[in-house]
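Novice: Next comes the sequence, and after it the predicted model I'd like to discuss.
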Amino acid sequence: MASWISMEEACRLLGVQPQTIYAYVSRGKLEVMPDSAHARRSLYRAEDVAGLAKRKQAGRKHETLAANTLFGSEPSIPTALCAFFRGRPYYRGQDAVTLARSAAVEDVARLLWGAEQSVDFSCSTPMRSGKPGRDAAFTALAGLAAAGLSTRGRLTRVLHNESQGLVGELGNAFGARPGHEPLHLRFAKGWKQSPRVADLLRTAMVLLVDHELTSSAFVARIAASTGASLPASLLAGLTTLSGPLHGDASGRVQALFSEVERLGEDAVVAHYLSTGLPLAGFGHHLYPDGDPRAAALLELFEPPEVIARFIQKVTTLTGLQPNIDVALAALVAHHRLPADAAFGLFATARSVGLLAHSLEQLGVTQVIRPRGRYVGPMPSLPQAARA
């Protein structure tokens, strides 16, 4: 049975202030429970504190600490946007899964941006040219970034207006029908789907808005810290999001589903497990007990039968639960959405979060500038320079 200790004891063992304990809790590194003897106090899992203390001791050297800060699991950028508590994501302290039951992405944008007025992603301007998809989206955003204005010295409400225009235009580029309706309804009409499917799109988008300090959020914040324009900061984040190990992971799952539909779930599972190949979309390091976003979305519809059997078989044989990328790819397969719809939904929804990170970073005057640790060959210096 786990043992529990007070805040004071946890701070003493780790040599930190209470704010750091709260940060560990928000990142899922330290489990917390109410103190039954004191209603206003909490207790902290002693085993988690001991593990943190051990890792902290191992990282005392400056070089090790620097490398772990950048590549490890403890980024040092403070944020009030998204955190993880007991295996669930929260947006400014509100359970994201609970929000997804009824909130629209516009509501979540207002929450994360701290906007005083309602957020409106309507856009009556048709897509400029070409076929909807990521080509159109990145081309449009690149043009806006090239002509964008620096964020420095501009009022917050003006930046909010610009942000909602960017999200609205991005939605258009991915196939949302121009109009003055909420974004999920515009996507449903653009993809010729029913109001019921529109509500599924709403749920998916709310679940995808933000996920703490991801690599794309970090890149967007770096751009914003230099005073770059909002479209430039958003473009920086979205290009990072487009990687198959990040926001386009659902594309890998879609390829896996294609194999399942051609060969059957038994053959595909046997091949991947016998060769030790990873099964895209299963398991998540932040959610060892299962991705609650995936569970929330999958309970709202039935995936195609062969895909449902595949998901069940993988879960049974590996113990790994499907993550949000599986749920998103299954949604696209079930309703026969456009081939790039999964990435379009992800990119449009996450643009809200990337802009939130960019806006939050504007409150910090320092430019984000990590240092390199040179490990290459030493230069041949002139004799005078060696003296």
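Specialist: Noted; the coordinates are in hand.
Novice: how close does the most centrally placed residue in the chain sit to Arg350?
Specialist: Per CA atoms, centre = their mean, the C-alpha nearest to the average position across the chain is that of His211, at 3.4 Å. Taking CB to CB, to the nearest Å as the criterion, His211 is separated from Arg350 by 8 Å. No exception for glycine: its C-beta is placed from N, CA and C like everyone else's.
Novice: And the residue nearest to the centre of the chain, its phi and psi?
Specialist: Summarising the backbone geometry of His211 under the convention degrees, to the nearest 10, its torsions are phi -150, psi 50.
Novice: quick one: it and Tyr91 touch, right?
Specialist: No - with contact defined as CB atoms under 8 Å, His211 does not count as touching Tyr91 (10.1 Å).
Novice: from memory Glu181 sits against Ser122, does it?
Specialist: Yes - using CB under 8 Å, Glu181 is in contact with Ser122, at 6.6 Å.
Novice: which neighbours do His211 and Arg350 share?
Specialist: Here His211 and Arg350 share no contacting residue, scored by CB atoms under 8 Å, 6 or more residues apart in numbering.
Novice: so what's in contact with His211 and Tyr91 at the same time?
Specialist: Cys82.
Novice: Could you tell me which helix of the chain is the longest one?
Specialist: Ranked by number of residues, the top helix in the chain under DSSP state H is helix 341-361.
Novice: Could you report the pLDDT at Lys131?
Specialist: If you check Lys131, the pLDDT there is 89.
Novice: Equivalent analysis for Pro75, please.
Specialist: Value for Pro75, per-residue pLDDT: 52.
Novice: shouldn't Arg221 be in contact with His357?
Specialist: Yes - applying CB under 8 Å, one finds Arg221 in contact with His357, separated by 5.1 Å.
Novice: Compare these two (neighbour count), which wins?
Specialist: Set side by side, Arg221 and His357 give different neighbour counts by other CB atoms under 10 Å, the larger being at His357 (27 against 24).
Novice: export stretch 299-316 as CSV, just CAs?
Specialist: Extracted C-alpha coordinates of stretch 299-316, given in CSV (Å, rounded to 0.1, in the frame of the first residue of the first chain):
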residue,chain,number,x,y,z
GLU,A,299,-17.8,5.7,-26.8
LEU,A,300,-19.8,8.1,-29.1
PHE,A,301,-19.7,5.9,-32.3
GLU,A,302,-19.0,2.4,-33.5
PRO,A,303,-15.9,2.1,-35.6
PRO,A,304,-16.1,-0.2,-38.7
GLU,A,305,-16.4,-3.8,-37.6
VAL,A,306,-13.0,-5.0,-38.8
ILE,A,307,-11.3,-1.9,-37.1
ALA,A,308,-13.2,-2.5,-33.9
ARG,A,309,-12.1,-6.1,-33.8
PHE,A,310,-8.5,-5.0,-34.5
ILE,A,311,-8.6,-2.5,-31.7
GLN,A,312,-9.9,-5.1,-29.3
LYS,A,313,-7.3,-7.7,-30.4
VAL,A,314,-4.4,-5.3,-30.0
THR,A,315,-5.6,-4.2,-26.6
THR,A,316,-6.0,-7.8,-25.4
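Novice: Just the mean pLDDT for stretch 310-330, thanks.
Specialist: Summarised as a single mean, pLDDT over stretch 310-330 is 96.
Novice: Provide a list of residue ranges in this protein with pLDDT below threshold.
Specialist: Scanning the chain for pLDDT under 70 picks out the ranges 1-2, 58-76, 127-129, 383-387.
Novice: try 90 this time
Specialist: 1-4, 15-48, 50-78, 86, 123-131, 285, 288-289, 363-366, 369-375, 378-387 (pLDDT under 90).
Novice: Show me the strands in it, by range?
Specialist: For the chain, the strands identified by DSSP state E occupy 4-6, 32-34, 42-45, 82-85, 88-91, 94-95, in order along the chain.
Novice: Switch the ones you listed over to a markdown table; also include mean neighbour count.
Specialist: As requested, the strands of the chain are exported to a markdown table (neighbours: other CB atoms under 10 Å):
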| stretch | mean neighbour count |
| --- | --- |
| strand 4-6 | 16 |
| strand 32-34 | 14 |
| strand 42-45 | 20 |
| strand 82-85 | 19 |
| strand 88-91 | 20 |
| strand 94-95 | 13 |
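Novice: Looking at those strands, spot the one closest to Leu185.
Specialist: Closest to Leu185 of these is strand 88-91 (CB to CB; 21.6 Å).
Novice: Partner strands of the closest one and their direction?
Specialist: Using DSSP bridges, strand 88-91 pairs in its sheet with strand 82-85 (antiparallel), strand 94-95 (antiparallel).
Novice: Dump those into TSV; add distance to Cys11 as well.
Specialist: Shown next, in TSV, are these (distance: least, CB to CB, whole Å):
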stretch	distance to Cys11
strand 82-85	19
strand 94-95	27
